[in-house]
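Undergrad: what's the 3D shape of this:
(chains A and B)
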Protein chains: 2
Amino acid sequence: MLSQLIEKAKNGRRRAIAQLITLVENDQEAARTIVAALYSETGTAHIVGITGPPGSGKSTLVNEIAKEYRKREQLVGIVAVDPSSPFTGGALLGDRVRMRDLSGDRGIFIRSMASRGSLGGLARSTGNVVKVLDAAGFQVILIETVGAGQAEVEIANAALTTLVIEAPGMGDDIQTIKAGILEIADLLVVNKMDRPGSDRTVKALQTMLHMGTVRRDESHHGRAMTATGPNLAVSDLKSTWHVPLLETVAIEGLGVSPVVDAIQEHRNHLIKSGDWLEREKMRSRREVGQLLQDRFMSKLQLTVPLDERETIIEAVARRQLDPYSAVERLFEQAHASEEAP
Amino acid sequence: MLSQLIEKAKNGRRRAIAQLITLVENDQEAARTIVAALYSETGTAHIVGITGPPGSGKSTLVNEIAKEYRKREQLVGIVAVDPSSPFTGGALLGDRVRMRDLSGDRGIFIRSMASRGSLGGLARSTGNVVKVLDAAGFQVILIETVGAGQAEVEIANAALTTLVIEAPGMGDDIQTIKAGILEIADLLVVNKMDRPGSDRTVKALQTMLHMGTVRRDESHHGRAMTATGPNLAVSDLKSTWHVPLLETVAIEGLGVSPVVDAIQEHRNHLIKSGDWLEREKMRSRREVGQLLQDRFMSKLQLTVPLDERETIIEAVARRQLDPYSAVERLFEQAHASEEAP
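TA: I've put the predicted structure just below:
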């Protein structure tokens, strides 16, 4: 059953792809089987993370980028992730626009995802959905995330190229969010260039670029040794990528083709510089780390009975036991029951 | 040394408190010792999480709330957390205002924290800083987080009362963020009520309140059975708290006293309804879970040599090994080396 479904998905059958995605999202045991079966056929798609604050016209730009890739005869997957609602999930932006605009093109596959609890869980699901699309033959996969915070950074981890969108007139305080999210940008796009104040937004971002606030290379990921202070010459470093600043009016389709060109240039840069492998290693390290933790927690749940765990938690809540001692107790119990026959 | 420092901090000595906080933030081994020593004396402070989008006047309102509590002769700790910058940390909002406004009052202790990597790490640090302040005798601890996303939700976990601030004129798209962040609100405050459009913002939030979108009770945390659909009567449930909507002009100090009254009412509600213990249990469950994972990962790092781990990670990056099989291999190795003498 499952192996047939996997075979069909590999052949690009849409219904099978949709079914596999639902499985990797909802069933951890199935996700394990599916990922193990597909994994060797992944790694060819170019994964692009697209993020930016609400109101920046993200969904519209994602649609236009998808259409541009279609003109270039690439198969495009879109994964739209909304991490903003921790409990109910919540409606995804731009879905109606998207459906009207892109439906009917069988070269595009769209999937919306909402959070159902942990951010780690969402990042893992997103990674697995991307793998299914990758193995199914989609050549470009666009991951769109709503908002501008740590959640986006975690999800952007699945991407090889990260595009950050800004728009004029988002208010001054937005600046404070920018610093964090801009650091993950490989490409910067100012959308809504027809709006008043757009030149000011471009200039502000250019200033940040020149100050070296915005510069992504592998040094963030703890490997390459690069100078990180402001105004330092880093152009002699092989892996240095100069973040381009692009201007669009997505709603009219203006400036979209140069954005796609820049994504492709970044892809080429990653391959030539060797950063591709570095990013894949970083992604793998995080993914394996997360799965290891899941594995350990499920082992603990199997070996230490629920009521014992709850007794310990209640003692911590009542301040009768400190959390570190609680951990030692649980850790020892998991270990002890393991050694029992 | 450390035990002397802990003793001094318990007696409210400011320098000792500051040193302990630095230790729990930077030294995991010290954090363990400090938390174990202090933990039984925590649990008396009321922990208030305060969050909302940039531009809502959060820092100003936090300062005013602190001043109001000071009038009521409470000792106040403020922990300002900025999770928006994953790499550099970044400057914290409102710090200058705060310093000018509150410095000199020895009944207030202020600490700013920025992210240095993982969100989990930041949430854990925040929890530990709160414990130090709690044990040091601060009766109210305000945790201020910048932004409005999953990060805030994780950090708000340390709080017993969560206050969400909104302001007029944040743009229509902000609505989409609201849904998520509002679900964690015990109190809603519309700040900047002197701004145009404030009545509309209040009405929009009232509508959401009536639709039942905003309603916090323990059902979110998987315990109580409550109806969760719109327009359902839930008033017969003991643990139901009707989220109040309050209006302020924080910069002029208007409406702040009713906010503090509402926080105190919520505190009383938590104690009477038994939700206090439920929230403490939820907090403990998450905290112990996080520490367990840390414990397991450090054990793995001790038992599986770095080069072996890196070889496995590179095989995953090169698609020679799928992540789930990598996990099994690492898990078995950690286990095998454990059984060796």
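Undergrad: pLDDT below threshold where in chain A?
TA: A:83-100, A:115-120, A:146-153, A:170-181, A:211-239, A:337-341 (pLDDT under 70).
Undergrad: any idea how it splits into domains?
TA: What automatic domain parsing lists as the domains of chain A is A:1-40, A:42-274, A:289-339.
Undergrad: check whether the first one contacts chain B.
TA: Yes - contact between domain A:1-40 and chain B, assessed by Cβ under 8 Å from any Cβ of the partner chain, occurs at A:32, A:35-36, A:39-40. C-betas here are computed from N, CA, C, even on glycine.
Undergrad: which among those end up buried?
TA: Among these, those buried by neighbour count (16 or more other Cβ atoms under 10 Å in any protein chain shown) are A:32, A:35, A:39.
Undergrad: Put together CSV for the domains of chain A, with distance to residue B:196 on each row.
TA: Output for the domains of chain A, formatted as CSV (distance: least, Cβ to Cβ, whole Å):
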stretch, distance to residue B:196
domain A:1-40, 43
domain A:42-274, 15
domain A:289-339, 46
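Undergrad: Out of those domains, which is the most enclosed?
TA: Highest mean neighbour count of those: domain A:42-274, a mean of 20 (counted as mean count of other Cβ atoms under 10 Å in any protein chain shown).
Undergrad: Quick one: end-to-end length of that one, please.
TA: Terminal residues of domain A:42-274 are spaced 18 Å apart (Cα to Cα, to the nearest Å).
Undergrad: cool, stretch A:101-121 as well?
TA: Terminal-residue distance, stretch A:101-121 (Cα to Cα): 30 Å.
Undergrad: And for stretch A:29-45?
TA: End-to-end distance for stretch A:29-45: 25 Å, by Cα to Cα.
Undergrad: Going along the chain, name the strands of the stretch 1-150 of chain A.
TA: Along the stretch 1-150 of chain A, the stretches classed as strands by DSSP state E, counting those that start in this stretch are A:46-52, A:76-82, A:108-114, A:140-146.
Undergrad: of all the ones you listed, which lies closest to residue B:304?
TA: Distance to residue B:304, taken as Cβ to Cβ, is lowest for strand A:46-52 among the strands of the stretch 1-150 of chain A, at 28.6 Å.
Undergrad: contact partners of the closest one?
TA: Residues from elsewhere that reach strand A:46-52 (Cβ atoms under 8 Å, 6 or more residues apart in numbering or on different chains): A:58, A:61-62, A:65, A:130, A:134, A:139-145, A:147-148, A:152, A:155-156, A:158-167, A:181, A:184, A:189, A:191, A:263, A:267.
Undergrad: again, only this time at 7 Å
TA: Residues from elsewhere that reach strand A:46-52 (Cβ atoms under 7 Å, 6 or more residues apart in numbering or on different chains): A:58, A:62, A:130, A:139-145, A:148, A:152, A:155-156, A:158-166, A:181, A:263, A:267.
Undergrad: One more: stretch A:254-262?
TA: Residues outside stretch A:254-262 that contact it (Cβ under 7 Å, 6+ apart): A:64-65, A:68-69, A:187, A:189, A:244, A:246-250.
Undergrad: Can you name the residues that contact the residue nearest to residue A:135 when sequence neighbours are not counted?
TA: In space, and not counting its chain neighbours, residue A:135 is closest to residue A:38: 4.0 Å by Cβ to Cβ, 6 or more residues apart in numbering or on different chains. Going by Cβ under 7 Å, 6+ apart, residue A:38 touches A:6, A:131-132, A:135.
Undergrad: same check, this time on residue A:244
TA: Listed by Cβ under 7 Å, 6+ apart, the contact set of residue A:244 reads A:187, A:262.
Undergrad: From the chain's centroid, how far away is stretch A:255-274?
TA: 18 Å (Cα atoms, centre = their mean, to the nearest Å).
Undergrad: Look up how far residue B:114 lies from residue A:286.
TA: Counting by Cβ to Cβ, to the nearest Å, the gap from residue A:286 to residue B:114 is 21 Å.
Undergrad: Need the contacts of stretch A:254-262 in a markdown table (columns: distance to residue A:109).
TA: Shown next, in a markdown table, are the contacts of stretch A:254-262 (distance: Cβ to Cβ, whole Å):
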| residue | distance to residue A:109 |
| --- | --- |
| A:64 | 17 |
| A:65 | 15 |
| A:68 | 17 |
| A:69 | 12 |
| A:187 | 23 |
| A:189 | 23 |
| A:244 | 28 |
| A:246 | 26 |
| A:247 | 29 |
| A:248 | 24 |
| A:249 | 27 |
| A:250 | 21 |
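Undergrad: So which of those are in helices?
TA: In helices, defined here by DSSP state H, the members of the contacts of stretch A:254-262 are A:64-65, A:68-69.
Undergrad: Could you pull up phi and psi at residue A:167?
TA: Note on residue A:167: backbone dihedrals following degrees, to the nearest 10 are phi -140, psi 150.
Undergrad: and residue A:206, what does it touch?
TA: Counting by Cβ under 7 Å, 6+ apart, residue A:206 has contacts residue A:245.
Undergrad: ok so it is a helix residue?
TA: Yes - assigned with DSSP: H, G, I helix; E, B strand; the rest coil, residue A:206 falls within a helix.
Undergrad: ok, back up a step: from the buried ones among the residues of domain A:1-40 next to chain B, pick the one nearest chain B.
TA: For those, the closest approach to chain B (Cβ to the nearest Cβ) belongs to residue A:39, at 3.6 Å.
Undergrad: Need the phi and psi values for the nearest residue to that closest one once chain neighbours are set aside.
TA: Leaving aside its sequence neighbours, residue A:39 sits nearest to residue B:322 (Cβ to Cβ, 6+ apart; 3.6 Å). The phi and psi torsions at residue B:322 (degrees, to the nearest 10) take the values phi -80, psi 160.
Undergrad: so how far is residue B:31 from residue B:322?
TA: 36 Å.
Undergrad: Could I get the full set of helices for the stretch 151-300 of chain A?
TA: A:174-182, A:198-210, A:256-273, A:275-303 (DSSP state H, counting those that start in this stretch).
Undergrad: hey, C-alpha coordinates of the second one in CSV?
TA: The C-alpha coordinates for helix A:198-210 follow below in CSV (Å, rounded to 0.1, in the frame of the first residue of the first chain):
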residue,chain,number,x,y,z
SER,A,198,9.5,53.2,-1.1
ASP,A,199,12.8,55.0,-1.9
ARG,A,200,13.3,55.7,1.8
THR,A,201,12.8,52.0,2.5
VAL,A,202,15.3,51.0,-0.2
LYS,A,203,17.9,53.5,1.1
ALA,A,204,17.5,52.3,4.7
LEU,A,205,18.1,48.8,3.6
GLN,A,206,21.0,49.8,1.5
THR,A,207,22.6,51.5,4.5
MET,A,208,22.1,48.3,6.5
LEU,A,209,23.7,46.3,3.7
HIS,A,210,26.7,48.6,3.6
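Undergrad: Angles on the backbone of residue A:44, please.
TA: In terms of degrees, to the nearest 10, the main-chain angles of residue A:44 are phi -100, psi -30.
Undergrad: now the closest residue to it other than its chain neighbours: how far from residue A:82?
TA: In this structure, residue A:44 finds its nearest non-sequential neighbour in residue A:134, 6.7 Å apart by Cβ to Cβ, 6+ apart. Noted for residue A:134: a distance of 22 Å to residue A:82, by Cβ to Cβ.
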